[in-house]
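1. coords below, sequence missing:
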């Protein structure tokens, strides 16, 4: 599930992804200071709720983001749609 204001597009310059202790990934626009979107799963196919996100990484085009959680899962997210890919 995704709460999104605007799509990020193809580049990540100006964006910062942060993992939370609650299992969400927040993507900030560092130029405006606003949250662009939050990535998380309510159905359990991604990081469990309450499981800390330890690391996040964009691919070189900014279209994908990987997250690694304390629950031992590595997830791949489509940044444009906010959907979990795997």
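-> Cool, the structure landed. In this text, all values refer to a predicted model and were calculated from it rather than measured experimentally.
2. going forward, measure contacts and count neighbours with C-alpha atoms only.
-> Fine.
3. what bridges to the residue nearest the centre of the chain?
-> By Cα atoms, centre = their mean, the mean C-alpha position of the chain lies nearest to residue 25, the distance being 4.0 Å. When bridges are called by DSSP bridges, residue 25 pairs up with residue 19, residue 39.
4. Then residue 57?
-> Beta bridges link residue 57 to residue 66 when assigned by DSSP bridges.
5. Assess the claim that it and residue 66 are in contact.
-> Yes - between residue 57 and residue 66 there is a contact under Cα atoms under 8 Å: 5.3 Å.
6. quick one: the residue nearest to the centre of the chain and residue 19, what's the gap?
-> 5 Å (Cα to Cα, to the nearest Å).
7. Kindly report the same for residue 29.
-> Residue 29 is 15 Å from residue 19, by Cα to Cα.
8. Between the two, which is the more surrounded one?
-> Per other Cα atoms under 10 Å, whichever of residue 29 and residue 19 has more neighbours is residue 19, with 20 against 17.
9. And the more buried one, what's its pLDDT?
-> pLDDT for residue 19: 92.
10. surely it meets residue 55?
-> Yes - using Cα under 8 Å, residue 19 makes contact with residue 55 at a distance of 6.6 Å.
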